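**Student:** Pasting the sequence and the predicted model now:
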Amino acid sequence: MTSLFSSQVRSLVQILKMFNVPSRSQHVIPDHIKEIADEVSPKFFEMVSYFFHSAAAKIEENLIHSMLAQKGSKLTEKQAKARVTGIFALLQKCLYVGEFNFPIRRDDGRYEVIEGYRAQHSMHRLPAKGGIRYASDVDRDEVTALACLMTYKCSCVQVPFGGAKAGLKIDPTQYSLGELERITRRFALEMAKKGFIGPGIDVPAPDMGTSEREMSWIADTYSKTIGYKDINAHAVVTGKPINQGGINGRAQATGRGLFHGVDVFIKNSYWTDKVGLAEPGWKGKTFIVQGFGNVGFHAARYFVRAGAKCIGVIEVDGGIENPEGIDPMALFEHRKATGSIKGFEGSTDMEGDELFYKECDILVPAAKQLVITKSNAEKLNCKIVAEGANGPTTPAADTILQNRNILVVPDLFNNAGGVTVSFFEWLKDLNHVSFGRLTFKYEEDTSKLILQSVAESLKQHFGEDVPIHKSDELDAKLQCASEKDIVNSGLQFTMERAAMNIQEVAKKYELGLDLRSAAYISSVTKIVETYNDAGLAF
Ligand code: NAD
């Protein structure tokens, strides 16, 4: 009887699959999460949970059906449902969260206890991956939310890692270089002692308030202590300086990824028509960026290089505006020299808030979470929100933006360039050789031989020399191939493939402008498949 029933279910599944029909959802969203849909300032972790649950509700039945339809599957429908429900339950929690409290001595002799966290959300792939943030408002909620986002982000762009995040509750500007080094090294040691970092377990990277300098201290601390017998010890963190096992292109990777992410949508008339942009492409498009740090600065550089115009920059201490365009590189130098973006030649100083609502084509939030909320989403005056920061838009704001035909290119896809290139760096560290070192010369010689063969064939055919013209682009590729070229093309490929996938999902589930749900669906589907294939529990 049971087997007759399951075979009927399977036939139904085959029919649904043939017609590609998304089926009725069963997943129950917990009541406290449902309320997030309308909240002005939800808790960050609950907000990410909300996005996860919304996606889960849309795909649960399809996941059950594909488990049943899997070749050789002996699962009953009840068992498949139990498995999907189990995986969803697991994803609602962080697997491990470590709270760290350790003392350091300040330069003036005082002692201070530093508070920090490392959260590992999912280890369905190893190692887990996620940055370390230094900020005075870091707390458990923020770190766990960011760890969840890392799980979904890695899966969205097919980087085979779990999700993690760390944060130290400090304002890095209030500490000397020596103090920061002591804090960072001690934190690295504490995390290593408790199994929260390791090249095959959990691999941090930079985030707000940290950079390659901190990563270098962590790699050094780990390799000289717990990891001293491990030949791969330097793979314990990514985002390192090149001479410490870093990779060319990592520093700018998130900004560059942001560019490739938006590039796919802005060049496609299907999307530009939907949001009411006059024509596809970058030329003449205006943008405003919030947060001129690693992500915001590099994204602005690539947007401008593609033909867009930066008309405003917003920082913690205010903003600047110039309708004629702001040169990101010159602004970077100005801030380096003066300590602020304000007073930049040709630009007008503004209140940051005001600038956030100025008319532009693309708004790039690249600073902090929860900056676009139910209380200000109506005031945005842009066509595209290109999320550089993690979690800048709340669920309520997301709905308002969709209703206003504003396209949100979501964080878990759009800022995944950093983790993508971190993946390449980790692979480089494990291989102990830079990309291209074994192949550059071989490929150059092969390409020259191909050109030579073509020239000889043409001569044989026409009876005379036919000059072969190498384009400048080809010449440059042949002569100046570098690790950075390989990294950049790998990054572009990754972003474009993920964008394609998100668009297919959006179409299949008729999501309209809701690319965030599409990205979560794409991501959660892959995670469930991984857990299912590997087995969820002992
Ligand atoms: P960063 O520390 O290099 O830069 C952040 C900048 O934002 C700083 O210049 C800071 O002054 C500014 N800022 C802070 N609060 C602000 C506010 N309220 N208004 C305007 N400006 C403000 O940090 P980052 O690495 O560029 O990270 C920025 C965001 O991008 C974070 O949400 C981070 O999680 C996310 N992100 C970073 C990476 C990465 O590779 N660095 C990758 C993915 C996502």
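**Tutor:** Nice, thanks for sending it over. Numbers count the residues shown, from 1 in each chain.

**Student:** burial measure for the residue of the chain found nearest the ligand, as a count.
**Tutor:** Per Cβ to the nearest ligand atom, residue 293 is where the chain lies closest to the ligand, at 1.6 Å. (Each C-beta comes from the backbone N, C-alpha and C, glycine too.) If you count neighbours by other Cβ atoms under 10 Å, residue 293 ends up with 17.

**Student:** wait, doesn't it sit right on residue 367?
**Tutor:** Yes. If you go by Cβ atoms under 8 Å, residue 293 and residue 367 touch, sitting 7.2 Å apart.

**Student:** hang on, residue 116 in a strand?
**Tutor:** Yes. Assessed with DSSP: H, G, I helix; E, B strand; the rest coil, residue 116 lies in a strand.

**Student:** residue contacts, it?
**Tutor:** When contacts are counted by Cβ atoms under 8 Å, 6 or more residues apart in numbering, residue 116 touches 99, 100, 101, 102, 138, 166, 167, 168, 169, 187, 190.

**Student:** Give me the spatial nearest neighbour of the most centrally placed residue in the chain, chain neighbours excluded.
**Tutor:** The centre of the chain sits closest to residue 416, judged by Cα atoms, centre = their mean, with a distance of 2.0 Å. The shortest distance from residue 416 to any non-neighbouring residue, by Cβ to Cβ, 6 or more residues apart in numbering, is to residue 157 (4.2 Å).

**Student:** What separation is there between that neighbour and residue 112?
**Tutor:** Look at residue 157 and residue 112: by Cβ to Cβ, to the nearest Å, they are 39 Å apart.

**Student:** who has more neighbours, the two?
**Tutor:** Set side by side, residue 157 and residue 112 show more neighbours around residue 157, with 27 against 13, by other Cβ under 10 Å.

**Student:** What distance do you get for the residue of the chain closest to the ligand to residue 342?
**Tutor:** Separation of residue 293 from residue 342 (Cβ to Cβ) stands at 16 Å.

**Student:** Ok, residue 424 next?
**Tutor:** Going from residue 424 to residue 342 by Cβ to Cβ gives 37 Å.

**Student:** So for these two, which residue has more residues nearby?
**Tutor:** residue 424 (23 against 17).

**Student:** which ones are touching that one?
**Tutor:** Residue 424 touches 247, 435, 487, 490, counting by Cβ under 8 Å, 6+ apart.

**Student:** Now tabulate those in TSV and tack on secondary structure, pLDDT and neighbour count.
**Tutor:** Listed next are those as TSV, based on DSSP: H, G, I helix; E, B strand; the rest coil; pLDDT from 0 to 100; neighbours: other Cβ atoms under 10 Å:
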residue	secondary structure	pLDDT	neighbour count
247	coil	97	26
435	coil	93	23
487	helix	96	23
490	helix	97	16
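
**Student:** Show me the two of the residues you listed that sit farthest apart.
**Tutor:** Greatest spatial distance in the contacts of residue 424: 247 and 490, 10.4 Å, computed using Cβ to Cβ.

**Student:** can you list residues touching both of these two?
**Tutor:** By Cβ under 8 Å, 6+ apart, the residues touching both residue 247 and residue 490 are 421, 424.

**Student:** on that earlier part again, state the pLDDT value of the residue nearest to residue 416.
**Tutor:** Looking at residue 157, its pLDDT is 98.
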